[in-house]
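Chemist: let me see the structure of the following:
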Amino acid sequence: MNSFKQLLNETGATAPMGTWIMSASPIVAEAIGHAGFRWGVLDMEHTPIDLMGLVHLLQAVAGTRLEPVVRVPWNDTVTIKRVLDAGAKTLLIPFVQDADEARAAVAATRYPPQGVRGLAAMGRASRFGTVPDFAATENTRIGVIVQLETPEAVARLEEIAAVEGVDALFIGPGDLSATMGHVGQLMHPEVLALTADAVRRARAVGKPIGTVGGTPEVVARYREMGFTFLAIASDLGLLMRSAQATLAAVQPQAAPAPAASTGAY
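Modeler: Sure, this is the predicted structure:
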């Protein structure tokens, strides 16, 4: 069974807490994995992480409790194929707008006849050819999470959630706020209202739904809404806030650094 989906099944009413891996550093990723987070997004969309960098990150967290979720740069069949061949098992697909795009995302993760993924039996995905019946069983090991990042996507939540192979939904709060005309204002009442509506509707159709918040206060608001899984901050966000707070404590006369907005993670 896919480990991330198993994690969601095991946690029940308690939303498992994750974080974002943006630094592209295997050492930092390994440390974050030992910090206690249950899952983490290895983000290839907004970071310098390339394919070989992804392999190193997957190797780094393999010895920790952290379940890796790889966010691909785009809903692209070739990119998805290469990321899966590199050993990723759960993907976060950005900017899915409708059921057709969700079906395309799922198809890219599946071997025929369920999908269009090209077959490569030798590589990290098959543990270098040692997984018995790899091609026949690999489809069952893949998890697909699709991001809803616009009001239009949220409006189509039920049809996207109904696509076979979509295992979970994810609200992208930054882009959602931007496409609603409230750039960076994740706590704007209109953004919060649409987010809460998305959670209610996802739960009504029985589909897990997650999101990310920059601070404990923001995550607490999301937890109250009923999100199934949550992420807080990122490796770089945690580093920068601790660094700024430490510097301010020992050098109070220095000009304070700009406070991180609630949208920064």
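Chemist: and the helices in the stretch 151-265 of the chain, which stretches?
Modeler: 151-155, 157-161, 173-179, 189-204, 216-225, 235-250 (DSSP state H, counting those that start in this stretch).
Chemist: buried set for the last one?
Modeler: Across helix 235-250, burial judged by 16 or more other Cβ atoms under 10 Å covers D235, L236, G237, L238, R241. For the C-beta atoms, the positions are set from N, CA and C on the backbone; glycine is no exception.
Chemist: so who does the residue nearest to T195 when sequence neighbours are not counted touch?
Modeler: The shortest distance from T195 to any non-neighbouring residue, by Cβ to Cβ, 6 or more residues apart in numbering, is to I171 (5.7 Å). Going by Cβ atoms under 8 Å, 6 or more residues apart in numbering, I171 touches Q147, L148, E149, V154, T195, A198, V199, I209, G210, T211.
Chemist: check contacts around the fourth one.
Modeler: I take that to be V154. L148, I171, L176, L194, D197, A198.
Chemist: and of the helices of the stretch 151-265 of the chain, who's closest to G40?
Modeler: Shortest distance between G40 and the helices of the stretch 151-265 of the chain, using Cβ to Cβ, is found for helix 235-250: 8.5 Å.
Chemist: and that closest one, what other elements does it pack with?
Modeler: Packing contacts for helix 235-250, counted by 3 or more Cβ pairs under 8 Å, 6 or more residues apart in numbering; DSSP states H and E, involve strand 17-21, helix 26-34.
Chemist: what residues sit buried inside the longest one?
Modeler: Think helix 26-34. Buried residues in helix 26-34, counting neighbours by 16+ other Cβ under 10 Å, are found at P26, V28, A29, E30, I32, G33.
Chemist: out of those residues, who's nearest T246?
Modeler: T246 lies nearest to V28 out of the buried residues of helix 26-34, by Cβ to Cβ, at 17.3 Å.
Chemist: how about residues contacting stretch 216-232?
Modeler: Applying Cβ under 8 Å, 6+ apart, the contact partners of stretch 216-232 are 8, 11, 15-20, 39-41, 168, 186-187, 192, 195-196, 199-200, 202-203, 208-215, 262, 265.
Chemist: now stretch 63-73
Modeler: 3-4, 7, 18, 30, 32-34, 36-45, 54, 57-58, 61, 79-80, 83, 88-94, 143, 145.
Chemist: repeat for stretch 41-57
Modeler: Contacts for stretch 41-57 (Cβ under 8 Å, 6+ apart): 18-24, 26, 29, 58, 61, 68-74, 82-83, 86-88, 92, 94, 124, 212, 231, 234.
Chemist: about what we covered before: quick one: buried ones out of the contacts of stretch 216-232?
Modeler: 8, 15-20, 39-41, 168, 186-187, 192, 195-196, 199, 202, 208-215, 262, 265.
Chemist: not counting residues beside it along the chain, what's closest to Q97?
Modeler: Closest residue to Q97 apart from its sequence neighbours, by Cβ to Cβ, 6+ apart: A153 at 5.1 Å.
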